[in-house]
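Participant: Need coordinates for the following:
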Amino acid sequence: MAGHSKWAQIKHKKARVDARRGKIFNKIIREITVAARLGGGNPEFNPRLRMAIEKAKEVNMPQDNIDRAIKRGTGELEGVTYEQAIYEGYGPGGVAILVVALTDNKNRTTGEVRHIFSKYGGNLAGAGSVAWQFEEKGVIYIEKDKADEDTVMEIAIDAGAEDIKTEGDTYEIITEPKEFETVRKAFEDAGIEISSASLTMIPQNTVKLEGKKAEQVLKLIDALEDNDDVQNVYANFDISDEVLASIAES
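Facilitator: Residues are numbered from 1 along each chain as shown. Below you'll find the model as predicted:
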């Protein structure tokens, strides 16, 4: 789990300064649109929309873009209708991979995802083949220079967090999905800046990878995440921090 958690943080930090900002904007706009369509345009009463808006603000998306995406979702503006598609497969070394996409053409997206798996040494599998290996959790990251460990632990425990870990220069707070909003709000009320917060899929077991297979899996995941329709990719690899760092810098 440590290796996968570290990679999630690396990817999050890279997203903030990614030169392909247009691609990131498009993915977040899709999420905002779908969230607004499913749960209404008021983020106060729509947690999924609220999280999507916060992601938009993390990458400095203009407010006008956010507002238009919400209006397209609620039907106030015309726009494309997206549906969610979930894909399950295996990467090199037997790593389980779960892909969540938002698409306006499921046949196209399925073909593209299948091609990516095949190109990078993996294979697409049937529904239910790997999803059982993942569990939905809330994850909140706080940089260590924003608060001391005792304060973070006290707030997290009092608010109902499940676990608190230290990952490099970051605190990682894990919650049950139903407690996620309560825990996040507790830190916000305490005036502690949150680096990122989201609902995610955490693997229950991990596959340790080294060398070439580690590189192959990360290339597969990068290729999947680079697809316009793919919103999130989850995998159960465990790769050492040293290998992750060297690959991230390459």
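Participant: Give me the domain ranges for the chain.
Facilitator: Annotated domains of the chain cover 2-74, 83-132+204-249, 134-203 [automatic domain parsing].
Participant: and the longest strand along the chain, which residues are buried?
Facilitator: Taking DSSP state E as the criterion, the chain has its longest strand at strand 134-143. For strand 134-143, burial by neighbour count (16 or more other C-beta atoms under 10 Å) applies to 134, 137-142. Using the backbone N, CA and C atoms, a C-beta is placed for each residue, glycine as well.
Participant: pLDDT averaged over the following helix or strand past that strand - what is it?
Facilitator: Using DSSP states H and E, the helix or strand that follows strand 134-143 towards the C-terminus is helix 149-159. When pLDDT is averaged over helix 149-159, the result is 94.
Participant: Adjacent strands (with direction) for the next helix or strand along the chain from helix 149-159?
Facilitator: Using DSSP H and E, the helix or strand that follows helix 149-159 in sequence is strand 163-167. Sheet pairing here is set by DSSP bridges, and for strand 163-167 it gives strand 170-175 (antiparallel).
Participant: what sits against Gly75?
Facilitator: Gly75 makes contact with Arg37, according to C-beta atoms under 8 Å, 6 or more residues apart in numbering.
Participant: where's it relative to Lys106, distance?
Facilitator: The gap separating Gly75 from Lys106 is 22 Å, by C-beta to C-beta, to the nearest Å.
Participant: coming back round to it: mind listing what the longest strand of the chain pairs with, with the direction of each?
Facilitator: Strand 134-143 pairs in its sheet with strand 170-175 (antiparallel), strand 196-203 (antiparallel), by DSSP bridges.
Participant: Sweet, I'm off.
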